[in-house]
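Chemist: Below is the sequence, then the predicted model.
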Amino acid sequence: MSDIDPANPPTDRPPSVDPPTDRSPSASAPPGTAYGPSALYTPANVVTILRLLIAPLLFSMITSQKASWQVFLFWTALASTDGIDGWIARRQGTTRSGAFLDPLADKVLVLGALFSLVSIGRFPWQPVAIIAVREIGISLYRVYWGRRGLALPASRGGKLKTLLQGLAIGAAVMPPLAVAHAGIGNLLLWASLVVAVWSAGQYLWDGRSAATSSGSGSGPDR
């Protein structure tokens with residue numbers, strides 16, 4: 001007797017094979033973007049890394065030339081690239097690596113310029129030291145909660161702090177202000193310190209509130 005089932009006759013088709021998985025960088029990217037969250041080599045990251053590599057040249061120019069139009073224009077160009085890599089990332093897809101590298105480049109650029117100005121006596125070291133401790137502490141705080149699934153986005157206070165620091169550095173390296181009106185840069189620096197401390201309190205409060213509302217506990221360890 002034949003083992004062929006009349007209801008299911010054999011066919012000459014080969015067994016089905018699943019289509020190959022797309023391994024391109026955009027495979028996991030949302031519609032309309034070019035890169036997924038796990039992508040590393042992106043145009044936005046290239047701009048960010050270039051900022052990190054060029055930053056030491058700026059610090060050297062500050063310590064050697066002090067106040068000059070060349071230093072001021074170089075600082076302005078480097079500071080403005082923060083908006084460029086952010087614009088590229090929004091158009092082509094934000095990535096986890098970019099979320100780490102972009103704020104890192106900002107902090108290296110600002111803190112490096114501030115300490116360079118301290119080294120030539122343009123800024124007092126006390127506010128710069130407090131700002132540096134604040135930046136490191138809040139960065140670690142955000143990483144701590146980020147690993148627990150709680151994101152702490154940049155606050156308005158943090159953005160204002162960054163703006164004031166950029167203006168303080170610009171005033172300290174611009175020849176007319178640095179020579180005849182040196183107090184303007186110092187005033188902006190102290191103003192940025194006040195906002196930095198205030199925005200740090202905002203981050204601490206946001207972290208505790210987010211943890212409480214999500215049931216992650218009563219907030220950061222004391």
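Modeler: Nice, thanks for sending it over.

Chemist: If you count neighbours, what's buried in whatever helix or strand Leu50 lives in?
Modeler: Using DSSP states H and E, Leu50 sits in helix 43-65. Neighbour counts using 16 or more other CB atoms under 10 Å place Ala44, Asn45, Val47, Thr48, Arg51, Ala55, Leu58, Phe59, Met61, Ile62 of helix 43-65 among the buried residues. To be clear about C-beta, it is placed using only N, CA and C from the backbone, and glycine gets the same treatment.

Chemist: Let's see that helix as CSV, backbone CA atoms only.
Modeler: Presented in CSV, the C-alpha positions along helix 43-65 are these (Å, rounded to 0.1, in the frame of the first residue of the first chain):
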residue,chain,number,x,y,z
PRO,A,43,28.0,61.2,11.5
ALA,A,44,26.9,62.7,14.8
ASN,A,45,29.4,60.6,16.7
VAL,A,46,32.1,61.6,14.2
VAL,A,47,31.5,65.3,14.9
THR,A,48,31.5,64.7,18.7
ILE,A,49,34.8,62.7,18.6
LEU,A,50,36.4,65.5,16.5
ARG,A,51,35.4,68.0,19.2
LEU,A,52,37.2,65.8,21.7
LEU,A,53,40.3,65.5,19.6
ILE,A,54,40.5,69.2,18.8
ALA,A,55,39.8,70.4,22.3
PRO,A,56,43.4,70.1,23.6
LEU,A,57,44.5,72.6,20.8
LEU,A,58,42.0,75.1,22.2
PHE,A,59,43.4,74.6,25.8
SER,A,60,46.9,75.2,24.5
MET,A,61,45.9,78.3,22.7
ILE,A,62,44.2,79.7,25.8
THR,A,63,47.3,79.1,28.0
SER,A,64,49.8,80.5,25.4
GLN,A,65,47.9,83.3,23.7
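
Chemist: The protein: strands as residue ranges?
Modeler: Assigned by DSSP state E, the chain shows no strands.

Chemist: got any ranges where it has weak pLDDT?
Modeler: By pLDDT under 70, the low-scoring segments of the chain are 1-41, 43-44, 84-100, 145-146, 148-155, 180, 207-222.

Chemist: Okay, buried residues for the lengthiest helix in the chain please.
Modeler: Ordering each helix of the chain by length in residues (DSSP state H) puts helix 182-213 first. Of the residues in helix 182-213, 184-186, 188-193, 195-196, 199-200, 203-204, 206-207, 210-211 count as buried by neighbour count, 16+ other CB under 10 Å.

Chemist: helices or strands next to it in the packing?
Modeler: helix 125-146, helix 156-173, helix 175-180 (3 or more CB pairs under 8 Å, 6 or more residues apart in numbering; DSSP states H and E).

Chemist: And the last one, what does it pack against?
Modeler: Using 3+ CB pairs under 8 Å, 6+ apart as the contact criterion, the elements in contact with helix 175-180 are helix 156-173, helix 182-213.

Chemist: Try it again at 10 Å.
Modeler: If contacts are counted by 3 or more CB pairs under 10 Å, 6 or more residues apart in numbering; DSSP states H and E, helix 175-180 sits against helix 69-92, helix 156-173, helix 182-213.

Chemist: just the longest one next, same as before
Modeler: Contact analysis of helix 125-146 by 3+ CB pairs under 10 Å, 6+ apart lists helix 96-119, helix 156-173, helix 182-213 as its packing neighbours.
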